[in-house]
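Enquirer: Show me how the following folds:
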Amino acid sequence: MQDTMAQNIEFNKNEDTNKLLLSSLQQRLQGVYEGGGKKSAEKQKEKGKLLARERIAYLLDTDASQIEIGALAADGMYQDVGGCPSAGVVVVIGYVSGRQCIVVANDATVKAGAWFPMTAKKNLRAQEIAMENRLPIVYLVDSAGVFLPMQDEIFPDKEHFGRIFRNNAVMSSMGIIQIAAIMGSCVAGGAYLPIMSDEAMIVDKTGSVFLAGSYLVKSAIGEDVDNETLGGATTQSEISGVTDNKFPDDQSCLDYIKRVFSKLGRLPDAGFDRAEAALPKKDEKEIFGIIPEARDKQYDMLEIIHRLVDNSEFDEYKDKYGQTILCGYARLDGWAVGIVANQRKVVKSKKGEMQIGGVIFSDSADKAARFIMNCNQRKIPLVFVQDVTGFMVGSRSEQGGIIKDGAKLVSAVANSVVPKFTIIIGNSFGAGNYAMCGKAYDPRLIFAWPSAQIAVMGGAQSAKTILQIQTATLKAKGKEFTEEEENALLKKITDRYNEQMSAYYAAARLWVDAIIDPLETRKWISMGIEMANHAPIEKQFNVGIIQT
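Expert: Here you go, the predicted model:
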């Protein structure tokens with residue numbers, strides 16, 4: 001009885017903590033959705049324009065699911081120039097006339113839609129998703145161009161502004177549909193984005209596109225000309241032929257895009273298996289009470305999986321072996337998936353020794369690598385559920401070949417050809433991040449729950465390590481910290497490190513595509529597999545020499 005009461009108290013504490021985290025996320029997102037603020041929004045409305053999010057809402061099917069990529073991009077960044085909510089661009093995966101696509105809309109309420117470094121990174125992420133999944137992409141263009149004070153961080157490098165137009169050309173050669181609507185300013189190099197699309201339309205009086213605006217033309221060649229004559233809808237649609245059609249307002253332009261999508265032909269798909277969807281039998285809302293409030297506490301990952309998968313059915317692979325990683329087959333919203341998840345409860349090894357949950361041991365790495373090979377052979381998408389503190393260390397692990405076994409797992413993840421999806425629900429530390437398909441390993445989508453933390457190691461361990469290094473450096477100079485100085489320095493290091501571990505820090509820099517409500521996990525995975533199903537697998541699975 002006492003055990004049951006203690007469990008109930010623990011469950012309720014966990015639930016309160018995780019619901020507070022979710023509430024904080026929702027409040028933060030509400031601020032992001034306001035973009036540049038009410039005054040900026042009113043100015044756009046006065047011009048007869050819809051706002052970026054209004055344009056997307058009007059375009060997308062209202063009775064279908066949608067997910068937003070990078071809503072928290074640039075969160076807390078660029079504060080010296082007033083911030084850049086959502087990196088000044090909104091990216092949503094949804095459906096137009098029943099066809100799944102990705103929509104990219106500049107938010108003109110944020111610095112007139114100017115491009116910051118994170119704006120470029122977010123646009124490139126949208127194009128990457130389109131290319132990996134052969135997903136049609138719609139650009140709703142309304143931008144003043146590069147934010148000139150930061151041009152050196154946006155313009156010249158490989159993953160900067162110019163890569164976007166390179167991607168336009170590559171996507172065209174791949175047969176990926178690109179539709180662009182010029183609904184506001186479109187200047188300088190940015191003019192190439194809509195015009196390199198398959199079809200470009202423009203809204204009369206508010207849309208304009210030119211390589212140089214009237215002020216620059218006057219400065220460069222001395223010509224006096226207004227922007228509308230230079231590159232307005234009439235000029236570009238009736239004289240130059242740069243744009244294909246002009247429309248009197250945003251709504252009619254978006255209606256035309258809907259009609260375009262209603263006539264698209266069907267292409268071969270990847271052939272991932274889908275049955276009739278079923279909800280989990282176990283209550284999904286109990287997830288909030290299962291995830292512990294303290295990130296170093298144990299819990300049973302199976303209880304999470306049973307609240308995510310159809311009918312709460314999970315066919316576990318090698319359930320008695322390598323127990324700090326769970327592997328198994330399930331269905332998620334009808335889609336067949338292979339799940340690889342860290343187990344955070346204390347388990348027994350095959351030798352009867354206790355093992356620490358959340359750590360990857362040699363046997364766990366071996367099991368997961370073999371399971372990934374099976375999923376590739378059977379053409380089953382992979383879902384990685386991360387709550388990992390890294391690989392096991394120490395003399396016994398080293399002598400047992402932990403590096404070799406870890407390398408096998410990393411190799412299998414890196415060379416996997418079936419689509420991969422990653423959910424970070426707790427810790428994502430060190431090489432465990434890599435082995436469990438972190439951002440560097442090309443997951444089609446990677447997202448986090450509000451309880452997630454991402455870093456090279458835990459905050460306490462890292463802070464103490466940094467302090468030891470700084471103390472040793474000071475001693476080498478014949479000096480020492482006082483106890484008070486040491487405590488103050490430890491606190492400073494710990495606070496800074498904890499900030500950088502936050503899921504929000506990761507989302508701001510697009511290390512993850514989003515922080516989501518755990519109850520939306522099924523939707524994200526299902527829509528992700530649906531988009532991946534647009535792209536037939538063309539590569540052969542080959543793990544390379546590391547497996548010999």
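
Enquirer: pLDDT weak spots in this structure?
Expert: Within the chain, the segments meeting pLDDT under 70 span 1-3, 5-6, 189, 349-355, 392-401, 457-463, 545-548.

Enquirer: give me that answer again for 50
Expert: 1, 547-548 (pLDDT under 50).

Enquirer: Can you list the buried residues in stretch 358-378?
Expert: Using 16 or more other Cβ atoms under 10 Å as the test for burial, stretch 358-378 gives 358-373, 375-376. C-beta coordinates here come from the backbone N, C-alpha and C atoms, glycine included.

Enquirer: Report how many residues lie close to residue 110.
Expert: Residues lying near residue 110 (other Cβ atoms under 10 Å) number 26.

Enquirer: Over to residue 313?
Expert: Counted with other Cβ under 10 Å, residue 313 comes out at 15.

Enquirer: before we move on, the earlier item: what about the buried residues of stretch 358-378, which are in strands?
Expert: Counting by DSSP state E, the buried residues of stretch 358-378 place 359, 360 in strands.

Enquirer: just the helices in the stretch 51-200 of the chain please.
Expert: Listed in chain order, the helices found in the stretch 51-200 of the chain under DSSP state H, counting those that start in this stretch are 52-59, 117-133, 162-174, 192-195.

Enquirer: Mean neighbour count added to those, as CSV?
Expert: Output for those, formatted as CSV (neighbours: other Cβ atoms under 10 Å):
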stretch, mean neighbour count
helix 52-59, 21
helix 117-133, 22
helix 162-174, 16
helix 192-195, 22
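
Enquirer: right, so of those, which gets closest to residue 180?
Expert: helix 192-195 (3.4 Å; Cβ to Cβ).

Enquirer: tell me how far that closest one is from the chain's mean position?
Expert: Its chain's C-alpha centre and that of helix 192-195 lie 25 Å apart, by Cα atoms, centre = their mean, to the nearest Å.

Enquirer: One more: stretch 164-173?
Expert: Taking mean C-alpha positions (Cα atoms, centre = their mean), stretch 164-173 and its chain are 21 Å apart.

Enquirer: again, but for stretch 362-375
Expert: The answer for stretch 362-375 is 25 Å, by Cα atoms, centre = their mean.

Enquirer: Show the contacting residues for the closest residue in space to residue 59 that isn't next to it in sequence.
Expert: Residue nearest to residue 59 in three dimensions, not counting chain neighbours: residue 254, with 4.8 Å by Cβ to Cβ, 6 or more residues apart in numbering. Residue 254 makes contacts with 55, 58, 59, 181, as judged by Cβ atoms under 8 Å, 6 or more residues apart in numbering.

Enquirer: Let me know how buried residue 204 is, in neighbour terms.
Expert: 17.

Enquirer: Just the buried residues of the lengthiest helix in the chain, please?
Expert: In the chain, taking DSSP state H as the definition, the longest helix is helix 2-33. Buried residues in helix 2-33, counted by 16+ other Cβ under 10 Å: 10, 14, 15, 17, 18, 21, 22, 25, 28, 29, 32.

Enquirer: Kindly report the same for stretch 177-191.
Expert: Buried residues in stretch 177-191 (16+ other Cβ under 10 Å): 177-188, 190-191.

Enquirer: Give me the distance between it and the centre of its chain.
Expert: With Cα atoms, centre = their mean, you get 24 Å for stretch 177-191.

Enquirer: now the end-to-end length of that stretch.
Expert: In stretch 177-191, first residue to last residue: 18 Å (Cα to Cα, to the nearest Å).

Enquirer: any idea which residue sits dead centre in this protein?
Expert: In the chain, the centroid-proximal residue (Cα atoms, centre = their mean) is residue 513; its distance is 1.3 Å.

Enquirer: And that residue, how close does it get to residue 421?
Expert: Plainly put, residue 513 is 10 Å away from residue 421 if you go by Cβ to Cβ, to the nearest Å.

Enquirer: anything in contact with each of these two?
Expert: Joint contacts of residue 513 and residue 421 (Cβ under 8 Å, 6+ apart) are 445, 446.

Enquirer: gap between residue 26 and residue 33?
Expert: Counting by Cβ to Cβ - residue 26 and residue 33 are separated by 10 Å.

Enquirer: Over to residue 494?
Expert: Distance from residue 494 to residue 33, by Cβ to Cβ: 33 Å.

Enquirer: again with residue 222
Expert: Taken as Cβ to Cβ, the span from residue 222 to residue 33 is 45 Å.

Enquirer: next one: residue 369
Expert: From residue 369 to residue 33 the distance is 42 Å (Cβ to Cβ).
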